[in-house]
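Peer 1: Mind looking at a prediction? Sequence and model below.
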Amino acid sequence: MSETVESLFRGQIDDLPSRIDVGTRITPQHYVLERERIWRRAWLSIGHTQDLPHKGSYFVYDIPTFKISLLVVRGQDDQVRVFHNVCRHRGNKLIREGSGTRGVFSCNFHGWAFSTHGRLRTITDEKEFENCDKEQLGLIPVHHEIWNTFIFINLDERPHCTLREWMGEMYDQYDDYFEHQEKVASFKAVVHANWHLAVNAFTEGYHTLYLHKSTARDYQGGRTNPQRHRPHIEILERHHRYGAPGNPDKVFVRGEKIAAKYGRLMLPAFDFDLTGLPPGINSARHDKWGFDVVELFPNVVTLIGNCWHNEITYWPIDADRTLVLNQAWAYKAKNLGERISRSYFRARVRDVFREDLNTIEAQHNALSSGVLKEVVLSRQEMALRHHYKVSDRMTGAAS
Amino acid sequence: MTEDLLPEPFRELEPWVAQWSIHDEHGRFHKRLSTPVSQLNRFVEAVHPRIEAIIDHLNTIPTADPDTLTPAQRRLFDLALMWMEASIPGDLDWEDNDIEDAWPADRLTFLNPSRLPEPDNRRSTDS
């Protein structure tokens, strides 16, 4: 008799439909509504405070959804600020791209210069300007808040809620975790598909047994959980998270054994060490836990392990295209052996992600064609059911 | 006098350096995808007897920052990273150097993993 694990559900699931008409939710008309009612109103992650290690550190962050560019800066007072990356003179893009450290941001068009706090410091040939008050011409700030190491922005003129309210009960549950990690690798891809489908590709574990059979064949489930049921699935107000079951009987291949000797196990391998995890991670305290999948609606899905997290950030370009950024984070390497070890797991996961990415465009084409009136979702795909409920609530609740 | 390509204990691996000691993740990934699996396995098997000695040697250097290494040490480090990348197809019993149903490599853009404080970005260098 084969064993199985029944998922424990937490939160409101009774009203989450198992059939969803995704086709009508990925049309250009619907996207226009979503851009204003979801993306302009939501708190959106744009990076991490580790991306700004020093006073004067900055990075440029372009958001295709609204065709805007942001300049994210750690000021000389150590505060992180977010500005529109636009010179107040004629609207030139102040800093073209990239990151670095500067004491002043000068526009290459006419030489106007701004401080790391966003103040206009220099107007070249200032006497030729009439009635020009530099105090009124600083860089235009963007609403932002920091959650642990995440930098969130809100593009609404006046945000409907604080980031704490937006995050709900998760807000206080991840302390003392993200700041212990450093970025290991990063890539981006433009997926020719609607953002919903790009998010959905990473928020259920049902596919892992089949899609990842060549790249990570036995990392989850195992003899006691052959169908890889999620041990717990939590549906929160806007966000959701679930635990992925690690396989205690996983067979380590040769390279993996060597990587394991010199560093900590990372996806797709787990050491089941739950020491020191904050309450939000593996919140059910499942002992065969591999990692959590957390959707921070609408623009982040992050896979969170005990010493690593793998973060996917989404930006719709239009109804049919989505910019997907993937960042691998891990424990800080204390020696070169740990760097080599981390590189092994990074390479393994890169292939797993490429398999996930490769499902999205085919679904988009099929669902756009109208050939399916609805998709059929299992209980293991509860996160997808919830995702569309939250989306519908935001698009329908507009005033 | 010619410079040693690798630290002295690993001189016998020097013939592999030109083709397999690759500085960035993007380059290592593309080396894997552009090399027949038989050649990948030849490199992996040739270096395998020394891979743990390589990592042990690198761990005696009191740094975690590959940018502080000497050129020979750096080539050894990059060779170890390439071994990790190249070992995957053989270990997972793939018949090819890549999986069949995966996002095309040329549609991935690798980014600098860390936003560094220097005035100019440096390329992605390591794990």
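Peer 2: Okay, I see it.
Peer 1: how many neighbours does A:R81 have?
Peer 2: 20 (other C-beta atoms under 10 Å in any protein chain shown). Every residue, glycine included, has its C-beta placed from N, CA and C.
Peer 1: what's the answer for the one 5 residues further on, then?
Peer 2: Summarising burial for A:V86: neighbours were counted as other C-beta under 10 Å, giving 18.
Peer 1: what sits opposite it in the beta ladder?
Peer 2: A:K93 (DSSP bridges).
Peer 1: Please report how far it lies from A:D156.
Peer 2: 18 Å (C-beta to C-beta, to the nearest Å).
Peer 1: now do A:A259
Peer 2: Taken as C-beta to C-beta, the span from A:A259 to A:D156 is 45 Å.
Peer 1: that's a helix at A:A189, yeah?
Peer 2: No - going by DSSP: H, G, I helix; E, B strand; the rest coil, the assignment for A:A189 is strand, not a helix.
Peer 1: Tell me the confidence at it?
Peer 2: Looking at A:A189, its pLDDT stands at 97.
Peer 1: got the contact list for it?
Peer 2: A:323-324, A:326, A:357, B:103, B:107-109 (C-beta atoms under 8 Å, 6 or more residues apart in numbering or on different chains).
Peer 1: cool, and A:G11?
Peer 2: A:234-236, A:240.
Peer 1: Kindly reformat the residues you listed as JSON lines containing pLDDT and distance to A:A362.
Peer 2: Compiled in JSON lines, the contacts of A:G11 are given as follows (pLDDT from 0 to 100; distance: C-beta to C-beta, whole Å):
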{"residue": "A:E234", "pLDDT": "98", "distance to A:A362": "30"}
{"residue": "A:I235", "pLDDT": "98", "distance to A:A362": "28"}
{"residue": "A:L236", "pLDDT": "98", "distance to A:A362": "30"}
{"residue": "A:H240", "pLDDT": "98", "distance to A:A362": "25"}
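Peer 1: re earlier: of the contacts of A:A189, grab the buried ones for ChimeraX.
Peer 2: Applying 16 or more other C-beta atoms under 10 Å in any protein chain shown to these, the buried members can be selected in ChimeraX as follows:
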select /A:323,324,326,357 /B:103,108
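Peer 1: Go through the contacts of A:A189 and flag which are in helices.
Peer 2: Among these, the members found in helices (DSSP state H) are A:L357.
Peer 1: Of all pairs in the contacts of A:A189, which one spans the longest distance?
Peer 2: Of all pairs drawn from those, the greatest distance, 14.0 Å, lies between A:L323 and B:W103 (C-beta to C-beta).
Peer 1: Now do the helices in the stretch 1-150 of chain A.
Peer 2: A:28-34 (DSSP state H, counting those that start in this stretch).
Peer 1: near chain B, which residues of it?
Peer 2: Counting by C-beta under 8 Å from any C-beta of the partner chain, the stretch 1-150 of chain A comes close to chain B at A:51-54, A:57, A:59, A:98-102.
Peer 1: so how many other residues sit close to residue 98?
Peer 2: Looking at chain A here, since you left the chain open. Neighbour tally, A:G98, other C-beta under 10 Å: 13.
Peer 1: that's the wrong chain, I meant chain B
Peer 2: Applying other C-beta under 10 Å, I find that B:D98 has 18 neighbouring residues.
Peer 1: Look up phi and psi at the closest residue to A:G221 other than its chain neighbours.
Peer 2: Leaving aside its chain neighbours, A:G221 sits nearest to A:R228 (3.8 Å; criterion: C-beta to C-beta, 6 or more residues apart in numbering or on different chains). A:R228 adopts backbone torsions of phi 60, psi 40, taken as degrees, to the nearest 10.
Peer 1: Count the neighbours of A:R228 for me.
Peer 2: So A:R228, with other C-beta under 10 Å, has 21 neighbours.
Peer 1: wait, A:G290 sits on A:N306?
Peer 2: No - assessed by C-beta atoms under 8 Å, A:G290 is found out of contact with A:N306, at 9.1 Å.
Peer 1: which neighbours do these two share?
Peer 2: Shared contacts of A:G290 and A:N306, counting by C-beta under 8 Å, 6+ apart, come down to A:F270.
Peer 1: Compare neighbour counts for those two and give me the winner.
Peer 2: Set A:G290 next to A:N306 and count neighbours by other C-beta under 10 Å: A:G290 wins out with 29 against 24.
Peer 1: if I look at that one, how far off is chain B?
Peer 2: 19 Å (C-beta to the nearest C-beta, to the nearest Å).
Peer 1: next one: A:L267
Peer 2: Distance from A:L267 to chain B, by C-beta to the nearest C-beta: 14 Å.
Peer 1: so what pLDDT did that residue get?
Peer 2: A:L267 is given a pLDDT of 98.
Peer 1: Quick check: the closest residue to it other than its chain neighbours vs chain B, distance?
Peer 2: Excluding its sequence neighbours, the residue lying closest to A:L267 (C-beta to C-beta, 6+ apart) is A:V349, at 5.2 Å. Distance, A:V349 to chain B, by C-beta to the nearest C-beta: 11 Å.
Peer 1: On the three-state scheme, A:V349 is what?
Peer 2: helix.
Peer 1: That one reaches A:W329, doesn't it?
Peer 2: No - counting by C-beta under 8 Å, A:V349 sits too far from A:W329 to count as a contact (11.7 Å).
Peer 1: any shared contact partners between those two?
Peer 2: With C-beta under 8 Å, 6+ apart, A:V349 and A:W329 have common neighbours A:N310.
Peer 1: Could you check how many residues crowd around the residue in chain A that chain B sits nearest to?
Peer 2: Residue nearest to chain B within chain A: A:S343 (3.1 Å; C-beta to the nearest C-beta). Residues near A:S343, counting by other C-beta under 10 Å, number 27.
Peer 1: Please apply the same query to A:P279.
Peer 2: For A:P279, using other C-beta under 10 Å, the count is 13.
Peer 1: hang on, it in a helix?
Peer 2: No - membership of A:P279 in a helix is not supported by three-state DSSP, which gives coil.
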